[in-house]
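Chemist: Okay, predicted coordinates and the sequence, questions at the end:
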Amino acid sequence: MSNTTHFGYQTVAEEDKVKKVAEVFHSVAAKYDVMNDLMSAGLHRLWKAFTIAQAGVRPGFKVLDIAGGTGDLAKVFAKEAGSTGEVWLTDINESMLRVGRDRLLDQGLVTPVSLCDAEKLPFPSNYFDRVTVAFGLRNMTHKDAALAEMRRVLKPGGKLLVLEFSKVWTPLQKPYDLYSFSVLPRLGQMIAQDADSYRYLAESIRMHPDQETLKTMMQDAGLDNVAYFNLTAGVAALHTGVKL
């Protein structure tokens, strides 16, 4: 009998979730950045800039950007790590990865890309100085396995940074829900001709672990000095942890 998991508010077989998430991101890849700007009123750019600053990538660093999509983080990391560094852009979705790869090439950045599953990373242990995942963890079926893999590939002293939508400040919950479930699907239909995918994205945020739960999951995965920063009243949160 198949194990089940959630796909937004639906309960589905685990193997079906992988396919359904893939369909969502194949559908939205071409308009992903436009929709991110509309969804967050441009705030996702500030959240990513904060993440980049917290990462503190220096020349020569090895960096793994998981579920890197359109390459926003990898683009900056590649410049910061320089010619002596190594920055990998990875994603499980081919459409998203293709967009990210092309964006990097358009910037004159030739950096390795890999189509891979975060739960089974094809990299050696103790290899990377930094591992990042921005708005990708909530789509993973076995988050605990993915976090354990992220820790495995970090060098001792390396840092994991997880940027994700999180639990918003309680007084803002009602207007946030109204926006997420009424406005967002309409925007998705207008811009990407796909309301259902954006309805799933809103639901997936609600099903994602809150700040304290994710902190505990990272600690359970073996990370130390785990902390989080609430961004824009908890609409998003950046979690960090170190492999000692």
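Modeler: Yep, it's here.
Chemist: And the contacts of the longest helix anywhere in the chain?
Modeler: Identified as the longest helix of the chain according to DSSP state H is helix 14-28. For helix 14-28, contacts defined as C-beta atoms under 8 Å, 6 or more residues apart in numbering pick out 2-7, 12, 32, 35, 69, 92-96, 139, 141, 188, 192, 194, 197-198, 200-201. Any C-beta I mention is one placed from the backbone N, CA and C, and that applies to glycine too.
Chemist: in stretch 129-143, what counts as buried?
Modeler: 129-141, 143 (16 or more other C-beta atoms under 10 Å).
Chemist: on that earlier part again, what is the very next helix or strand once past the longest helix of the chain packed up against?
Modeler: Sequence-wise, the next helix or strand downstream of helix 14-28 (DSSP states H and E) is helix 32-40. The elements that helix 32-40 packs onto, with contact taken as 3 or more C-beta pairs under 8 Å, 6 or more residues apart in numbering; DSSP states H and E, are helix 43-55, helix 184-192, helix 195-207.
Chemist: which residues are in contact with the second one?
Modeler: Right, the one you point to is helix 184-192. 27-28, 30-31, 34-35, 38-39, 194-199, 201-202.
Chemist: and what of the last one?
Modeler: Counting by C-beta under 8 Å, 6+ apart, the neighbours of helix 195-207 from elsewhere in the structure are 6-9, 20, 23-24, 27-28, 35, 39, 138-139, 165, 180-181, 184-189, 192.
Chemist: same thing but 6 Å
Modeler: 6, 8-9, 24, 27-28, 138, 165, 180-181, 184-185, 188-189 (C-beta atoms under 6 Å, 6 or more residues apart in numbering).
Chemist: Then the first one?
Modeler: With C-beta under 6 Å, 6+ apart as the test, helix 43-55 has contacts from 36, 72, 76, 130, 161, 163, 231-232, 236, 238.
Chemist: Mind pulling up the pLDDT for the spatially closest residue to residue 188 that is not a sequence neighbour?
Modeler: Leaving aside its sequence neighbours, residue 188 sits nearest to residue 198 (C-beta to C-beta, 6 or more residues apart in numbering; 3.1 Å). On pLDDT, residue 198 comes in at 81.
Chemist: Count the neighbours of residue 198 for me.
Modeler: Burial of residue 198, expressed as a neighbour count using other C-beta atoms under 10 Å, amounts to 26.
Chemist: Going along the chain, name the helices of this structure.
Modeler: According to DSSP H, the helices that the chain contains are 14-28, 32-40, 43-55, 72-81, 94-106, 143-153, 173-178, 184-192, 195-207, 211-220.
Chemist: tell me which residues of the shortest one are tucked away?
Modeler: Buried positions in helix 173-178, judged by neighbour count with 16+ other C-beta under 10 Å: residue 176.
Chemist: show me the contacts for the residue nearest to residue 86 when sequence neighbours are not counted.
Modeler: Counting by C-beta to C-beta, 6+ apart, residue 86 lies nearest to residue 62, which is 4.6 Å off, once chain neighbours are set aside. By C-beta under 6 Å, 6+ apart, the residues touching residue 62 are 86, 128-129.
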